[in-house]
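K.L.:
Give me coordinates for this.
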Amino acid sequence: MKINWNYIKAFFLITLVLFLFGFTNYRNEQQKITIVNVKFEEGENLFMNYEMVNKLLIQNDEEVTNKTKSLIDLNSLEKQVLSHPMVENATAYITVDGQLRISVKQRTPIGRINTNNGSYYIDKQGQFMPLSKNYSARVPIVTGVSPSENIDDLYELLSFITNDNFLQKQIVGVQIVGKDEFILTTRVGNHKIDFGNLEDKKIKFKNLKAFYSFTMKNEAIDNYKKISLKYNNQVVATKKD
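P.N.:
I've put the predicted structure just below:
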């Protein structure tokens, strides 16, 4: 019987490859985490710092550094970071050289709500987030919010302001009055703008921009103390005494 050495060579080659793969995989799994690398998306760590994130990276009441890769539960670590009210998204992974890397995206506030019971932010997704000791966001200050009030209209208004470059720089205050009606405070001129409700908001803001463009060009913006956009698709401005 003739021996087919090609089959025997192929068998041993496959066995060797499987052995090396298993050995390499075993050594990789037994490698310890040498460093934790925290990265904030878009290069911003305004509300949180690296120490705050590191404190969230605890597994079974122990730090993950010096633990073997096989003992690291990445999904659990991501959930722990996501549980922080200032975090919008988090992704964790382990590199070949034993680094635990976690990418953190912080929430983006669009308004700061002040109440008798305290202050907090509302973010671009309509979620509440606490204030930070590390940074204070330059967003409109919102007053007049009651605990039982639906804030859908407020969120819609703040989102519109945030997405408009002129309004984002100009509107510094939002007061809720009456039934879903708003009074806006401006940076230039410190004007009180009776905005009314959100009906025809695009037209109202378009008229407001036209008014500011005209009065700034003629250096007359400081002659007015109050502006109304509430009625009949027009701007009604009240001059100072």
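K.L.:
what pLDDT does the most centrally placed residue in the chain get?
P.N.:
Nearest to the geometric centre of the chain sits residue 107, at 1.9 Å (Cα atoms, centre = their mean). If you check residue 107, the pLDDT there is 91.
K.L.:
now swap in the one 4 residues further on and tell me
P.N.:
Looking at residue 111, its pLDDT is 96.
K.L.:
Return the set of residues that bridge with residue 173.
P.N.:
For residue 173, the beta-bridge partners are residue 141, residue 185 (DSSP bridges).
K.L.:
sorry, back to before: grab the nearest non-local neighbour of the residue nearest to the centre of the chain.
P.N.:
residue 123 (4.2 Å; Cβ to Cβ, 6 or more residues apart in numbering). The way it works is simple: take the backbone N, C-alpha and C, and place the C-beta from them, glycine included.
K.L.:
Show me the beta-bridge partners of that neighbour.
P.N.:
Residues found in beta-bridge contact with residue 123 (criterion: DSSP bridges) are residue 109.
K.L.:
My guess is it contacts residue 112. True?
P.N.:
No: with contact defined as Cβ atoms under 8 Å, residue 123 does not reach residue 112; the gap is 10.8 Å.
K.L.:
thinking again about what came up before, report the separation between the residue nearest to residue 107 and residue 157.
P.N.:
When Cβ to Cβ, to the nearest Å is the yardstick, residue 123 and residue 157 sit 15 Å from each other.
K.L.:
ok, now residue 236?
P.N.:
In terms of Cβ to Cβ, residue 236 sits 20 Å off from residue 157.
K.L.:
More neighbours: which of those two?
P.N.:
When neighbours are counted by other Cβ atoms under 10 Å, residue 157 comes out ahead of the other of residue 236 and residue 157, with 27 against 13.
K.L.:
Would you map the helices across the chain?
P.N.:
Per DSSP state H, the chain carries helices over the ranges 5-30, 50-56, 74-82, 152-162, 165-170, 201-217.
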